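Engineer: this one's structure only:
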C-alpha cells in the first residue's frame, strides 16, 4: 500500500468520512432537468405571444404608415418576448449542459432543440388563444407593458395619418355613418361606391371597425376602406376577445360578437 | 488497516464495494495514483504540494462515489475530477516545466501526427517542446497532453473535459496546428 492510499484511508476512517448520499446527486440532476423543462415551457409561451403578434398584427397596414415600414415594424415587434426567448434559450442550454450527459451535445444544438420545442409549444399555445391571453394579462398587470390591443388602438387612432377605429353607432345609408372612437369622440364617416367594405364585415350598428381614408374636418373622415377590427383571415379564436384593452373596451356598448 | 482482494474486480465493482468498505477504495487509489501523478506533472509541472493535490482529488472522488455515472469509464470520471482540481490550482499559480523525457515523448508523438518531419528530427527536442508548450494557451495544452501523452480517446477526452465530441476534434485540430505553426516559426 502506498503512503498516499494509506494516509487517505486512515483519514477516511478516523474522521468517519462517508460518500455523499446518492439522493443529493439525483436531486441536483433532476432539478437541472426540471429547470430545463420550465425554461422550455416559458420559451414556448413566449413563442405563443410572438406568434400572436406576428399573426394578428396589422402587417399589411403597416405599409400605409407614414413613418415608414421599417420604423413601424420595429415599433410593433414584441421586444420583451423576443428578449425573453433569447435569455430563456440560453438558460435552457446552460441547464442542459450542466446535467450529467448534457455536455455531449453542442450548445448551439441544445439551443436549436429548445427553440424548436418552444416553437411547437408556442404554436399550440397560440392555437388555443393563450398567446393573446398572456399578452392581455401582461398589459393589465404591468404598467410598462403594451399589449397588442393597445398598440393596435394607438396605431389606428391617428386620423391625421389616415387611420381611425371605433364602433359604428348610427348607420343610415351607403353614404355615411357615425363612429365613436375609444376616446368617446364621435365621427361622421363618409363613404361612396368605391369605398371597400372588407368581408365579413356587416353594415350596421355595433360593429367594431378600422377605417382607412382621410380626415376632412375636425370630426369628419372620408373612408376608402373599412375593415373589421378583428382580422378576418385569422378568424376569431379563443382569446381573440382579449385583443381589446379593458379600459378601451369599457368605452363601447355595442355587440362585439359579430367582430 | 484491513487488506482486501481487489485484483479480480473491475473499477466499477471496486466503486460499488468502496461504498460499503473504504478499504476497497485503497485499491482504486493505488491503481490510479501513478497515472494521475504523471498527469498532474504533465499539466502543471512538478509541485511540492503534489501529494496534497492528489489527496484532494481522491477524497473528492470518494465523497462523490454515489455520483459516478456507470455509462462512463471510471478512469475518465477520475481524470475529470483531477482536471477540475488542476484547473482550480492553475488559476492561482503558474505552470512549471516538463521533464526532458516527457517533452521528448510529446514532441515525437505530435510530430508524427502532424507529419512534421523537421520537428521529429530536432536535436533540441526538450527545449523546443518546453518553450512551445509554455506558449500555448491552456485549452490547447491540456487537450494535446490528454491525447498524446495520456493516450486518451476522443470519447474519453469528451468525458474528461465535459465537451462534445465535435468540439474535441475541432479543439485538438486547432491545438495541433498551433503547435505545428509554432515549431515552424521556431
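Structural biologist: Yep, it's here. Because the structure is predicted, anything quoted here is derived from the model rather than measured.
Engineer: tell me the buried residues in the longest helix that chain B contains?
Structural biologist: Looking across chain B with DSSP state H, the single longest helix is helix B:22-44. Neighbour-count burial for helix B:22-44 flags B:22-29, B:31-33, B:36-37, B:39-44 (criterion: 16 or more other C-beta atoms under 10 Å in any protein chain shown). Where C-beta positions appear, they are placed from N, C-alpha and C, glycine not excepted.
Engineer: mean confidence for it?
Structural biologist: Per-residue pLDDT over helix B:22-44 has a mean of 92.
Engineer: ok, now stretch A:34-52?
Structural biologist: Rounded mean pLDDT across stretch A:34-52 is 90.
Engineer: show the contacting residues for the closest residue to chain B within the stretch 101-250 of chain A.
Structural biologist: Residue nearest to chain B within the stretch 101-250 of chain A: residue A:103 (4.0 Å; C-beta to the nearest C-beta). By C-beta atoms under 8 Å, 6 or more residues apart in numbering or on different chains, the contact list for residue A:103 reads A:97, B:158, B:162, B:163, B:164.
Engineer: can you check the pLDDT for residue B:49?
Structural biologist: Confidence score, pLDDT, at residue B:49: 84.
Engineer: turn the contacts of residue A:103 into a markdown table, including distance to residue B:65, neighbour count and pLDDT.
Structural biologist: Converted to a markdown table, these look like this (distance: C-beta to C-beta, whole Å; neighbours: other C-beta atoms under 10 Å in any protein chain shown; pLDDT from 0 to 100):
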| residue | distance to residue B:65 | neighbour count | pLDDT |
| --- | --- | --- | --- |
| A:97 | 24 | 20 | 87 |
| B:158 | 22 | 20 | 95 |
| B:162 | 19 | 17 | 93 |
| B:163 | 24 | 20 | 93 |
| B:164 | 26 | 20 | 93 |
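Engineer: so which of these belong to helices?
Structural biologist: Residues from the contacts of residue A:103 lying in helices, with DSSP H as the criterion: A:97, B:158.
Engineer: and the longest helix seen in chain A, which residues are buried?
Structural biologist: Longest helix in chain A, counting residues (DSSP H): helix A:22-56. For helix A:22-56, burial by neighbour count (16+ other C-beta under 10 Å) applies to A:25, A:29, A:32-33, A:35-36, A:39-40, A:42-53, A:56.
Engineer: report whether it contacts chain B.
Structural biologist: Yes - on the criterion C-beta under 8 Å from any C-beta of the partner chain, helix A:22-56 is in touch with chain B at A:22, A:24, A:25.
Engineer: which of the residues you listed sits closest to residue B:154?
Structural biologist: In terms of C-beta to C-beta, no member of the residues of helix A:22-56 next to chain B lies closer to residue B:154 than residue A:25, at 26.4 Å.
Engineer: give me the pLDDT value at the closest one.
Structural biologist: The score at residue A:25 is 93. That number is its pLDDT.
Engineer: give the contact list for it.
Structural biologist: B:64, B:66, B:67.
Engineer: and if you look at residue A:175?
Structural biologist: A:190, A:191, A:192 are the contacts of residue A:175 under C-beta under 8 Å, 6+ apart.
Engineer: which parts of chain B sit against chain A?
Structural biologist: Going by C-beta under 8 Å from any C-beta, the residues of chain B near chain A are B:1, B:19, B:22-23, B:25-26, B:29-30, B:33, B:51, B:54-55, B:58-59, B:62-67, B:69, B:71, B:158, B:162-167.
Engineer: let's see it at 6 Å
Structural biologist: For chain B, the residues in contact with chain A (C-beta under 6 Å from any C-beta of the partner chain) are B:19, B:22, B:26, B:29-30, B:33, B:55, B:58, B:63, B:65-67, B:69, B:162, B:164.
Engineer: next, name the residue at the spatial heart of chain B.
Structural biologist: Central residue of chain B (C-alpha atoms, centre = their mean): residue B:39, 4.1 Å from the mean position.
Engineer: what of chain A?
Structural biologist: Short answer for chain A (C-alpha atoms, centre = their mean): residue A:49, at 2.9 Å.
Engineer: low pLDDT regions in chain B?
Structural biologist: Chain B contains residues with pLDDT under 70 at B:1-3, B:94-131, B:186.
Engineer: an error on my part: the question was meant for chain A.
Structural biologist: For chain A (pLDDT under 70), the answer is A:56-69, A:71-73, A:75-76, A:230-259.
Engineer: and it, what are its domain boundaries?
Structural biologist: For chain A, automatic domain parsing gives the domain ranges A:22-127, A:148-249.
Engineer: those domains into a markdown table, with extra columns for distance to residue B:137?
Structural biologist: Below are these laid out as a markdown table (distance: least, C-beta to C-beta, whole Å):
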| stretch | distance to residue B:137 |
| --- | --- |
| domain A:22-127 | 20 |
| domain A:148-249 | 49 |
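Engineer: out of the ones you listed, which comes closest to residue B:6?
Structural biologist: Residue B:6 sits nearest to domain A:22-127 of all those, at 22.4 Å, using C-beta to C-beta.
Engineer: which parts of the stretch 1-150 of chain A sit against chain B?
Structural biologist: Within the stretch 1-150 of chain A, the residues that sit near chain B (C-beta under 6 Å from any C-beta) are A:2, A:4-5, A:8-9, A:12, A:19-20, A:22, A:25, A:100, A:103-104, A:106.
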